[in-house]
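Asker: below are the sequence and a predicted model; questions follow.
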Amino acid sequence: MFKKILIPVDGSEPSQKAMEMAVNLQKSFDCELYILTVFRHHSLLEASLSMVRSAEPEVMDDILRKHASSVAESAKKAAQELGAEKVRAFVKNGPPARTIVSFAKDKDVDLIVLGSRGHGDVEGFLLGSVSHKVTSLAKCPVMVV
């Protein structure tokens with residue numbers, strides 16, 4: 001039934017639970033697991049509004065990418081420790097919900113399993129949560145854990 005399952009992770013407890021659910025599904029369907037961590041571009045405008053300023057603001061994207069890679073690799077390792085096979089980790093840059101949906105479409109994913117709440121920011125309060133956006137934008141089934 002499922003050949004490819006996407007698990008967006010951000011290091012939060014709900015994304016960990018979603019990953020555990022996806023690993024259990026993998027055991028039933030013998031499918032591939034794609035772990036995805038999305039980071040947002042660091043805006044110099046946002047940085048200028050912050051009380052804390054980096055000495056080198058142009059390297060913030062590199063710092064965010066490195067952290068996102070660490071989160072994705074940690075999730076991959078955790079999935080493997082739970083018995084998952086055929087697991088790949090990816091890192092993308094962009095608006096989280098749209099990037100998740102776009103990635104799912106590009107990889108021809110059959111199911112997205114994601115946590116109900118994550119490490120969202122103010123945008124989540126103003127525009128709705130990532131999980132809500134993904135469920136409304138995705139063309140494949142979405143399981144919110």
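Answerer: Happy to help now that I have it.
Asker: for the rest of this, base every contact and every neighbour count on C-alpha atoms.
Answerer: Will do.
Asker: and Phe2, how many residues sit next to it?
Answerer: Look at Phe2: counted by other CA atoms under 10 Å, it has 14 neighbours.
Asker: now do the phi/psi pair for it.
Answerer: phi -110, psi 130 (degrees, to the nearest 10).
Asker: and it, how close does it get to Ala78?
Answerer: For Phe2, the distance to Ala78 (CA to CA, to the nearest Å) stands at 21 Å.
Asker: the lowest-mean-pLDDT helix or strand in the chain: what's the following helix or strand?
Answerer: The weakest-scoring helix or strand in the chain, judged by mean pLDDT, DSSP states H and E, is helix 122-127 (a mean of 43). The first helix or strand that comes after helix 122-127 along the chain, using DSSP states H and E, is helix 130-137.
Asker: mind listing residues that contact the lengthiest helix in the chain?
Answerer: Scanning the chain for the longest helix, with DSSP state H as the assignment, gives helix 60-81. With CA atoms under 8 Å, 6 or more residues apart in numbering as the test, helix 60-81 has contacts from 9-11, 16, 19-20, 23, 35-42, 87-91, 93.
Asker: which of these fall within strands?
Answerer: Of the contacts of helix 60-81, the ones assigned to strands by DSSP state E are 35-39, 87-91, 93.
Asker: show me where pLDDT drops low in the protein?
Answerer: Scanning the chain with the threshold set as pLDDT under 70 gives 42-59, 118-128.
Asker: what angle separates the helix or strand Ala97 falls within from strand 87-93?
Answerer: Ala97 belongs to helix 96-106 when assigned by DSSP H and E. Angle of helix 96-106 versus strand 87-93, following axes from the mean of the first three to the mean of the last three CA atoms, to 10 degrees, is 130 degrees.
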